[in-house]
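Undergrad: Attaching a predicted model along with its sequence, questions to come.
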Amino acid sequence: MRLLRLFLIYLRIGLLYELQYRANFWIQMGKSLMNLVVALAGVAVIYGHTDHLNGWEPAELVALLGIFVLMTGVLGVVVRPSMEKLIEDVRDGNLDFTLTKPEEAQVLVSVSQVRVWQLIDVILGPTVSAAALIHMGKHVEMQQAAIFAVTLLAGIVILYSFWLILATVSFWFIRIENIFMIFHSLYDAARWPVTIYPGWLQAALTFLVPVTFAVTVPAEALIGRLSTDYLVLTIGLALTLSLVSRLFWRVGVRHYAGASA
């Protein structure tokens, strides 16, 4: 509840900031819509030459694309900007002000920046997936919806934990922006089902940069093709990464010298 309360506070601050530049909101909306149209056009081009993509029908791939857009929005709203600010604060010594506050420091750095306009993707993503399900004529039962919700939450936890681990590396290395660029390149591959890639790339997207569990797995749960093994593995990975990121964060804080060092 404290995390939710702090998030709502920073969300309000972000909203007040964005309202100063209302034209920016419309520009970002246009950008999000254009990105979606381009992605859908890419799907149309692919299926103009084939009926299915390694077992994925066109509407199923559109449903996966909706999950990808949703996860991109979640990352863009709070995770990515907050982790980027954490790196800057560590480099400039401004993390001192966060560590001296009475709230848990990890919670504060995790919601320190909120980009309200990215909520557009959070809305567009589920809309696209819902439209794909309607087109397929699929009825999502309660159990299937529950499994989808669990995998979606687990995917968010996995992405957040992975970003926190990457950002925590800044306690030892001054500039790690190149690592983020590599992550973005690999994450962009998640807009397609991981099963279409060669084995080595599937392994990288599953275990090195676990975007498979953040996009492909929830999409499979949504369309009803997720296996029990992958469901258990996704939940286990989310719990493991959340614990590892928490421990790594605490070790990093102990190595933080502060602005006066």
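TA: Yes, it's here.
Undergrad: Next, count neighbours for residue 122.
TA: Close neighbours of residue 122, defined as other CB atoms under 10 Å, add up to 16. In this view, the C-beta of every residue, glycine as well, is placed from N, C-alpha and C.
Undergrad: quick one: it and residue 78 touch, right?
TA: No - judged on CB atoms under 8 Å, residue 122 makes no contact with residue 78 at a distance of 10.4 Å.
Undergrad: outside of stretch 53-69, which residues touch it?
TA: Applying CB atoms under 8 Å, 6 or more residues apart in numbering, the contact partners of stretch 53-69 are 36, 39-40, 43, 46-47, 121, 124-133, 135-136, 152, 190-193, 195-196, 215-216, 218-219, 222-223.
Undergrad: Of those residues, which belong to helices?
TA: 36, 39-40, 43, 46-47, 121, 124-133, 135-136, 152, 218-219, 222-223 (DSSP state H).
Undergrad: Can you show me the helices along the stretch 51-200 of the chain?
TA: Ranges of helices within the stretch 51-200 of the chain are 58-74, 80-92, 95-99, 105-110, 119-136, 142-168, 177-188, 199-203, based on DSSP state H, counting those that start in this stretch.
Undergrad: Packed most tightly, which of those helices would that be?
TA: Scoring the helices of the stretch 51-200 of the chain by mean neighbour count under mean count of other CB atoms under 10 Å gives helix 58-74 as the most buried, with a mean of 24.
Undergrad: could you give the angle of that helix to helix 177-188?
TA: 150 degrees (axes from the mean of the first three to the mean of the last three CA atoms, to 10 degrees).
Undergrad: gap between residue 120 and residue 108?
TA: The gap separating residue 120 from residue 108 is 26 Å, by CB to CB, to the nearest Å.
Undergrad: residues near residue 234, how many?
TA: The number of residues packed near residue 234 is 25, by other CB under 10 Å.
Undergrad: Would you indicate which residues of stretch 110-120 are buried?
TA: 110-120 (16 or more other CB atoms under 10 Å).
Undergrad: Out of the residues you listed, the closest to residue 16 would be?
TA: residue 116 (9.3 Å; CB to CB).
Undergrad: Against residue 191, how distant is that closest one?
TA: 24 Å.
Undergrad: next one: residue 252
TA: Distance from residue 252 to residue 191, by CB to CB: 31 Å.
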